[in-house]
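S.K.: quick one: sequence plus predicted model below, questions after.
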Amino acid sequence: MNSTLSHVYRTHPIHIQSSNLPDFRSLSYLPDSYTWTAKDDLLFSASASNSNASLPFIDLSRPHVATRVGHACTTWGAFQITNHGVPLRLLEDIELLTENLFRLPVHRKLKAARGDDTISGYGVAPIASFFNKQMWSEGFTVIGSPLNHFHKLWPGYHHKYCEIMKEYEEHMQKLAAKLMWLALGSLGVEENDIESAGMSSDFQGAEAAIQLNHYPLCPEPDRAMGLAAHTDSTLMTILYQNNTAGLQVFRDDVGWITVPPVPGSLVVNVGDLLHILTNGIFQSVLHRARVNHLRSRFSMAYLWGPPSEQMISPLPKLIDSLQSPHYPSLTWKQYLVTKATHFNQSLSFIRNYPSSDQIS
Ligand SMILES: C=C1C[C@]23C[C@@]1(O)CC[C@H]2[C@@]12CCC[C@@](C)(C(=O)O1)[C@H]2[C@@H]3C(=O)O
Ligand SMILES: O=C(O)CCC(=O)C(=O)O
Ligand SMILES: [Fe+2]
């Protein structure tokens with residue numbers, strides 16, 4: 001994985017207090033700093049859906065899969081997949097790695113804490129800086145090689161864990177490119193449309209971050225938030241969750257629904273950059289993670305995007321002659337900077353922004 005993305009934070013640091021990380025195991029009550037109300041997050045008490053709507057579940061080995069993927073990207077901006085080709089053994093390995101990482105004592109995890117100048121490493125989710133309450137979770141971000149950090153966490157065992165990460169990344173990258181073609185193919189986009197937009201049609205050079213998340217047992221789950229509502233800034237995110245529910249997705253006409261963990265399946269989210277690339281046809285999904293008092297939850301997100309310096313703009317093929325593009329041309333790096341300032345308002349901030357103006 002390339003490490004340029006990590007350095008967005010050199011010039012635009014997101015200040016988080018990783019020194020404030022609690023030892024969750026020792027807390028038998030919910031401290032005030034972790035107690036969320038509607039004042040802290042407008043969407044905190046948005047109603048849970050009482051419809052029996054559920055996220056599309058797509059078997060990638062079945063016929064007409066592109067149409068189903070395209071429909072899910074347009075309506076929900078997310079779907080669950082099975083028969084995706086990622087070996088179950090590898091999913092079990094990455095889950096074990098994640099569990100072992102977060103079960104280390106706090107002082108050891110802090111040896112691999114995020115520094116001031118890079119987002120890689122252990123800490124609270126980068127979006128924490130937008131909220132005055134703390135989230136009931138801890139995270140570990142990998143951009144580029146995890147070797148340095150893993151060496152500090154597991155001096156004698158880091159090679160094995162680095163191999164697992166590498167294999168996971170390779171499988172995810174292949175799967176992401178395949179899903180991207182299913183989604184774009186459903187809109188009639190062809191290889192030459194992608195190449196004339198300056199991208200490589202096999203998405204060579206794509207960049208990614210891997211975000212490992214841990215949501216410990218929580219004494220008062222209804223008043224706590226695991227990971228606050230957000231959209232990912234990616235083209236697509238592929239998420240593996242352990243067997244504990246917690247992920248929820250939001251649709252204006254439905255409310256929040258929980259995405260049940262189905263063993264061996266993966267969740268796919270449309271990210272903001274894919275929304276931009278399709279001129280708003282595909283929706284980037286608002287999602288969050290809730291916590292519970294019975295079982296710890298782990299999730300592993302593969303956040304996939306274009307090469308960080310690659311210009312992304314609405315594909316001319318998807319703009320009809322009566323319409324102008326809704327979004328300007330910008331790189332993933334520029335979009336991350338926008339996101340670090342405007343968070344969930346980023347898409348509306350850049351919508352109809354004149355392309356020639358510098359976005360900041
Ligand atoms: C490439 C990236 C996407 C991400 C910010 C980051 O630089 C690395 C961490 C990613 C993550 C994971 C948790 C949710 C999220 C919103 C966050 O706070 O950090 C995403 C960021 C994103 O998609 O914007
Ligand atoms: O834990 C989850 O289910 C959600 C994680 C997530 O949204 C992320 O890492 O971006
Ligand atoms: Fe996310």
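M.R.: That came through, no problem. Ligands and ions are numbered 1, 2, ... in the order given.

S.K.: return the set of buried residues in the helix or strand containing residue 239.
M.R.: Assigned by DSSP states H and E, residue 239 belongs to strand 236-241. By neighbour count on 16 or more other CB atoms under 10 Å, the buried set for strand 236-241 is 236, 237, 238, 239, 240, 241. Any C-beta I mention is one placed from the backbone N, CA and C, and that applies to glycine too.

S.K.: ok, now stretch 93-112?
M.R.: Across stretch 93-112, burial judged by 16+ other CB under 10 Å covers 93, 94, 95, 97, 98, 101, 102, 109, 110, 112.

S.K.: got a pLDDT number for the fifth one?
M.R.: Taken from the predicted model, the pLDDT recorded for residue 98 is 98.

S.K.: got it, and the first one?
M.R.: pLDDT recorded at residue 93 is 98.

S.K.: check which helix or strand it maps to.
M.R.: Applying DSSP H and E as the criterion places residue 93 in helix 88-102.

S.K.: could you list the alpha-carbon positions for that helix in CSV?
M.R.: C-alpha atoms of helix 88-102 as CSV (Å, rounded to 0.1, in the frame of the first residue of the first chain):
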residue,chain,number,x,y,z
LEU,A,88,-12.7,-18.0,4.7
ARG,A,89,-9.4,-18.9,6.2
LEU,A,90,-8.0,-15.4,5.4
LEU,A,91,-11.1,-13.8,7.0
GLU,A,92,-10.5,-15.8,10.1
ASP,A,93,-6.8,-14.9,10.1
ILE,A,94,-7.5,-11.2,9.8
GLU,A,95,-10.2,-11.4,12.5
LEU,A,96,-7.7,-13.2,14.9
LEU,A,97,-5.0,-10.6,14.1
THR,A,98,-7.5,-7.8,15.0
GLU,A,99,-8.6,-9.5,18.2
ASN,A,100,-5.0,-10.2,19.3
LEU,A,101,-4.0,-6.6,18.5
PHE,A,102,-6.8,-5.0,20.6
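
S.K.: tell me what it is packed against?
M.R.: If you count contacts as 3 or more CB pairs under 8 Å, 6 or more residues apart in numbering; DSSP states H and E, helix 88-102 packs onto strand 138-142, helix 158-185, strand 207-215, strand 236-241, strand 297-305.

S.K.: and that helix, how far from the chain's centre?
M.R.: Chain-centre distance of helix 88-102: 18 Å, with CA atoms, centre = their mean, to the nearest Å.

S.K.: hmm, it touching ligand 1?
M.R.: No. Interface with ligand 1: helix 88-102 contributes nothing (CB under 6 Å from any ligand atom), its closest point being 13.9 Å away.

S.K.: picking up where we left off before, now the angle from the strand holding residue 239 to helix 88-102?
M.R.: Counting by axes from the mean of the first three to the mean of the last three CA atoms, to 10 degrees, strand 236-241 lies at 80 degrees to helix 88-102.

S.K.: partners of strand 236-241, with directions?
M.R.: Strand 236-241 pairs in its sheet with strand 266-270 (antiparallel), strand 297-305 (antiparallel), by DSSP bridges.
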